[in-house]
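Trainee: Next input, structure requested:
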Amino acid sequence: ELPSQLMEHWFEEESVLQDFAKHHETNESVPKELLAKLKEAKSFNQGFETIEYTACALMDMALHSQSDYSDESFDLVEFEKAELERLGMPQGIIMRHRPAHFAHLFATEMYAAGYYVYLWAEVLDADAYGAFVEAGNIFDKETAEKARKFIYSAGNTMAPDELFRQFRGRDPDISYMLKKKGLVKN
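Mentor: This next block holds a predicted model:
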């Protein structure tokens, strides 16, 4: 997920939008006032969405931590209720996916206990993009070369966490994702 999600950051940059988001008849760029409104609206509902997503990811992990489902007394509805209570799920927020219809949970072994990976990828992509912002140029050649080397072309040459450390020089920092979502001040 990191390679594709990282690329999405440039799509939201004003300079990129000014160059490529043109009116189909007049060829005028998107007005800066509209871009400002879009940027402001981007953080709407992020707290709610992050909690509903995180609840699904934690439920996924809890379900896959069970050692045996063969006991006929296992009640998925009761398990969900107890787990959400244990997590302190806010009453006004429901899970995005309920376990009974959550295909990611049990459809294949590829997703088994892995739904959280999308949220983790958001941590990684926001932090990785932070390297470009910190360089002072979102098209910084040195940072782009490191991204090419450690994100886009390394494949399985070493563990993904080590590749990230090689790119960023440290472990991932969640604060970049929280800022991206508007959950903390910049």
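Trainee: so which helix or strand takes in the residue nearest the centre of the chain?
Mentor: When the chain is reduced to its mean C-alpha position, the closest residue under C-alpha atoms, centre = their mean turns out to be residue 122, at 2.6 Å. In this structure, residue 122 sits in helix 117-134 according to DSSP states H and E.
Trainee: which strands and helices sit next to that helix?
Mentor: Taking 3 or more C-beta pairs under 8 Å, 6 or more residues apart in numbering; DSSP states H and E as the contact definition, the neighbouring helices and strands of helix 117-134 are helix 2-11, helix 46-64, helix 141-147, helix 160-168, helix 175-180. Using the backbone N, CA and C atoms, a C-beta is placed for each residue, glycine as well.
Trainee: what comes up buried for it?
Mentor: 119-132 (16 or more other C-beta atoms under 10 Å).
Trainee: Quick one: mean pLDDT over that helix.
Mentor: The average pLDDT within helix 117-134 is 95.
Trainee: Give me the residue ranges of the chain where confidence is low.
Mentor: Within the chain, the stretches with pLDDT under 70 are 104-113.
Trainee: One more pass at 80, please.
Mentor: Within the chain, the stretches with pLDDT under 80 are 68-72, 99-116, 186.
Trainee: Pop out the phi and psi values for the residue of it positioned farthest from its centre.
Mentor: Each residue of the chain has a distance to the centre, and by C-alpha atoms, centre = their mean the biggest one is for residue 72: 36.4 Å. Main-chain torsions, residue 72, degrees, to the nearest 10: phi -60, psi -10.
Trainee: again with residue 76
Mentor: The phi and psi values for residue 76, taken as degrees, to the nearest 10, are phi -60, psi -40.
Trainee: Please list all residues in contact with it.
Mentor: With contacts taken as C-beta atoms under 8 Å, 6 or more residues apart in numbering, residue 76 has the following neighbours: 99, 100.
Trainee: gap between it and residue 84?
Mentor: Here the distance between residue 76 and residue 84 works out to 12 Å (C-beta to C-beta, to the nearest Å).
Trainee: Check residue 13 too.
Mentor: Noted for residue 13: a distance of 38 Å to residue 84, by C-beta to C-beta.
Trainee: same check, this time on residue 161
Mentor: 30 Å.
Trainee: more neighbours, the two?
Mentor: Neighbours around residue 161 and residue 84, counted as other C-beta atoms under 10 Å, are more numerous at residue 84. The numbers are 19 against 11.
Trainee: what about stretch 94-104, distance to the chain center?
Mentor: On the basis of C-alpha atoms, centre = their mean, to the nearest Å, stretch 94-104 sits 18 Å off its chain's mean C-alpha point.
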